[in-house]
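Student: when you get a sec, could you give me coordinates for this:
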Amino acid sequence: MHYYQHNIGDYRRDTVHLSLLEHGVYRQLMDMYYLSESPIPKETQQVFRRLSARTQDEQNAVEIILNEFFSLTNDGWIHKRCDQEIIEYQRKANTSRNNGKKGGRPKSIPEPEKTQQVILGNPSNNQTEPERINSLTNKPIKNIKEKIIKKEIDHELKKLLHDVDDQVIKDFSILRKQKKAPITDSAVAGLRSEANKAGVSLEIALIECCKNGWQGFKAEWYHKAQAPPAYQNRQQLASVAARSFFENENKQEKCINGEVIDHEPIAKQLDR
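Tutor: Residues are numbered from 1 along each chain as shown. As a prediction, this is how the structure comes out:
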């Protein structure tokens with residue numbers, strides 16, 4: 001397989017936290033995967049050799065990317081998204097070979113109808129339209145891939161926010177999407193740090209974010225939101241003090257050294 005589509009938006013969303021070295025390693029591993037159409041070997045020394053990863057930093061980057069984006073199996077390191085692309089590529093290749101043996105593409109489908117499929121399946125990118133239509137279901141393959149990607153994202157989010165209720169994760173994801181802010185490892189680390197400063201769990205912090213429309217969470221914001229309302233002026237303070245006095249005016253007066261304290265109304269004292 002010598003060609004594959006590269007969705008810049010999906011890639012940036014999933015790899016925004018990588019260093020330049022790690023970006024290069026990830027792209028090299030994907031090229032190796034597509035060219036061989038098989039899993040990455042389990043023997044890391046063999047992988048280092050094929051990628052020319054000679055320095056310790058380069059070899060560390062290879063191990064980091066393999067553990068984060070690939071899954072280790074008995075056959076080697078696999079990548080679900082790459083596997084989907086390879087399966088679809090092989091299906092198309094087999095179809096083309098069978099059509100070639102029969103003398104070319106079948107002519108049972110009128111040309112205008114095929115053009116209409118291009119418009120419906122992928123109006124913005126008709127260059128790759130044949131890859132988008134599933135011959136068995138006649139539905140766009142794009143939708144199937146999107147469901148697979150969404151499931152992987154949800155799984156990764158659940159791992160990141162393992163101590164948070166699913167509904168809270170869903171609500172916070174919607175909020176971050178509206179703010180055009182992806183939920184990354186570093187973002188969650190910052191949220192946990194501020195939640196610890198505020199003395200609350202991460203789940204409570206995310207609930208406060210959803211309730212107040214906050215993209216992030218700060219301990220000082222939380223404490224300010226939880227603080228009781230301050231009295232705004234002298235008149236409010238005098239009113240509260242006077243009410244407290246009159247509610248207790250029938251109680252026995254306090255004495256100090258046998259003398260009765262003269263309780264002058266607090267409101268008058270405040271007006272001095």
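Student: quick check: pLDDT value at the nearest residue to Pro41 once chain neighbours are set aside.
Tutor: Nearest non-adjacent residue to Pro41, counting by C-beta to C-beta, 6 or more residues apart in numbering: Gly76, 5.3 Å away. Where C-beta positions appear, they are placed from N, C-alpha and C, glycine not excepted. pLDDT, Gly76: 91.
Student: can you check Glu194 too?
Tutor: We have a pLDDT of 92 for Glu194.
Student: what's the host helix or strand of it packed up against?
Tutor: Assigned by DSSP states H and E, Glu194 belongs to helix 185-198. Packing partners of helix 185-198 (3 or more C-beta pairs under 8 Å, 6 or more residues apart in numbering; DSSP states H and E): helix 202-212, helix 219-226.
Student: nearest residue to Leu206 in space, ignoring adjacent ones along the chain?
Tutor: Nearest one to Leu206, counting by C-beta to C-beta, 6+ apart, is Phe172 at 4.6 Å.
Student: and the helix or strand encompassing that neighbour with helix 202-212, angle?
Tutor: Per DSSP H and E: Phe172 is located in helix 166-178. Orientation of helix 166-178 against helix 202-212 (axes from the mean of the first three to the mean of the last three C-alpha atoms, to 10 degrees) gives an angle of 50 degrees.
Student: quick check: mean pLDDT of helix 166-178?
Tutor: On average, helix 166-178 scores 88.
Student: returning to what we had before: the helix holding Glu194 versus helix 166-178: what angle between them?
Tutor: For helix 185-198 against helix 166-178, the angle by the same axes, to 10 degrees is 120 degrees.
Student: so who does the residue nearest to Pro41 touch?
Tutor: Counting by C-beta atoms under 8 Å, 6 or more residues apart in numbering, Gly76 makes contact with 38-42.
Student: got a PyMOL select line for the buried ones in those?
Tutor: To isolate the buried subset of the contacts of Gly76 in PyMOL, counting by 16 or more other C-beta atoms under 10 Å, use the following:
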select buried, resi 39+40+41
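Student: just flag the most distant two among the contacts of Gly76.
Tutor: Ser38 and Lys42 (12.1 Å; C-beta to C-beta).
Student: quick check: phi and psi on Ser71?
Tutor: The phi/psi pair for Ser71 (degrees, to the nearest 10) reads phi -120, psi 130.
Student: residues near the nearest residue to it once chain neighbours are set aside, how many?
Tutor: Distance criterion C-beta to C-beta, 6+ apart; nearest residue to Ser71, sequence neighbours excluded, is Ile78 at 5.4 Å. Neighbour count of Ile78, defined by other C-beta atoms under 10 Å: 15.
Student: now for Ile78: which residues touch it?
Tutor: Contacts of Ile78 were listed using C-beta under 8 Å, 6+ apart, and they are 39-40, 70-71.
Student: in stretch 78-92, what counts as buried?
Tutor: Residues of stretch 78-92 classed as buried: 79, 81-82, 85-86, 88-89 (neighbour count, 16+ other C-beta under 10 Å).
Student: one more: stretch 3-21?
Tutor: Buried residues in stretch 3-21, counted by 16+ other C-beta under 10 Å: 4, 14-15, 18, 21.
Student: could those go into JSON lines alongside distance to Ala195?
Tutor: Below are those laid out as JSON lines (distance: C-beta to C-beta, whole Å):
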{"residue": "Tyr4", "distance to Ala195": "40"}
{"residue": "Asp14", "distance to Ala195": "25"}
{"residue": "Thr15", "distance to Ala195": "26"}
{"residue": "Leu18", "distance to Ala195": "26"}
{"residue": "Leu21", "distance to Ala195": "32"}
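Student: which of these sits closest to Lys101?
Tutor: Of all those, Lys101 sits closest to Tyr4, with 26.1 Å by C-beta to C-beta.
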